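Asks: Fold the following, please.
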Amino acid sequence: MKTQIFIALKFLLIMTLLTGLIYPLLMTGVAQLSYPYKANGSLIIKDGKIIGSELIGQKFDSSTYFWSRPSATGYDAIPSGGSNLGPTSKTLKALVSSRRILFAKMNSIDNMTEVPEEMIFASGSGLDPQISPRSAMMQVERIVKARHLDNNMKNILLKKINDLTEDPQLSFLGEPRINVLLLNLELDKIDGNLTNNK
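Replies: Below is the predicted model of the structure:
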């Protein structure tokens, strides 16, 4: 009996060291050496300050910026998650309706059925940092008007949207997408005189 307890304790100690200490340290070291930017959270730095991460969405609701996908958690990474509202929920229907009306109104869309679903439904995590290129293109005219961009600046912006569009992973997983924070940073470079106003 004592022998079995000793063997069990010895096995527990070995596995604790392997899986609780050696393996995490090894993986952290490999990640830091191979992908330091990604391993440290894909943080974006502007003027010496961390302004966000490529991996976590932020709220942009000013007429001068591209809007992010709605978030049920206010883009808070700690309690990330969806609203858990079902398809029969009156609250969900009201939220979707108000988001659809606002997006259509602000972006001069006559046919409300053309509003992309991602701009009216929150994601499961509430932290999606990307929108589709279609959603970005629908917001261009609003931004051009709000920022008083000339045709040359508009063409530069359209090229930025194209350049920042990411293909589906492995060419078949997911849809083409564009990171809203990166796009808005490029937008500020085009029109650098406008005060940042998320």
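Asks: and L95, what is it in contact with?
Replies: By Cβ atoms under 8 Å, 6 or more residues apart in numbering, the contact list for L95 reads 70, 83, 85. Every C-beta, even on glycine, is put in place using the N, C-alpha and C of the backbone.
Asks: How much space separates N107 from A136?
Replies: Applying Cβ to Cβ, to the nearest Å, the value for N107 to A136 is 11 Å.
Asks: Looking at the two now, which is surrounded by more residues?
Replies: More neighbours surround A136 than the other of N107 and A136, with 25 against 20 (other Cβ atoms under 10 Å).
Asks: could the contacts of L95 go into a markdown table alongside neighbour count and pLDDT?
Replies: Listed next are the contacts of L95 as a markdown table, based on neighbours: other Cβ atoms under 10 Å; pLDDT from 0 to 100:
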| residue | neighbour count | pLDDT |
| --- | --- | --- |
| P70 | 23 | 93 |
| S83 | 17 | 80 |
| L85 | 15 | 85 |
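Asks: how far does the worst-scoring helix or strand of the chain on mean pLDDT sit from the chain's center?
Replies: Lowest on mean pLDDT, DSSP states H and E among the helices and strands of the chain sits helix 36-39, with a mean of 80. Computed by Cα atoms, centre = their mean, to the nearest Å, the chain-centroid distance of helix 36-39 equals 17 Å.
Asks: Same question for stretch 168-181.
Replies: Put simply, stretch 168-181 sits 11 Å off its chain's centre (Cα atoms, centre = their mean).
Asks: CA atoms of that stretch as CSV?
Replies: Extracted C-alpha coordinates of stretch 168-181, given in CSV (Å, rounded to 0.1, in the frame of the first residue of the first chain):
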residue,chain,number,x,y,z
PRO,A,168,-9.4,33.5,-45.7
GLN,A,169,-7.0,31.4,-43.6
LEU,A,170,-5.4,28.7,-45.8
SER,A,171,-7.4,30.2,-48.7
PHE,A,172,-10.7,28.5,-47.6
LEU,A,173,-11.3,29.0,-43.8
GLY,A,174,-13.6,32.0,-43.2
GLU,A,175,-14.2,35.0,-45.3
PRO,A,176,-12.0,38.0,-46.5
ARG,A,177,-11.7,40.5,-43.6
ILE,A,178,-10.1,43.7,-42.6
ASN,A,179,-8.9,44.9,-39.2
VAL,A,180,-10.8,48.0,-38.2
LEU,A,181,-8.2,49.4,-35.9
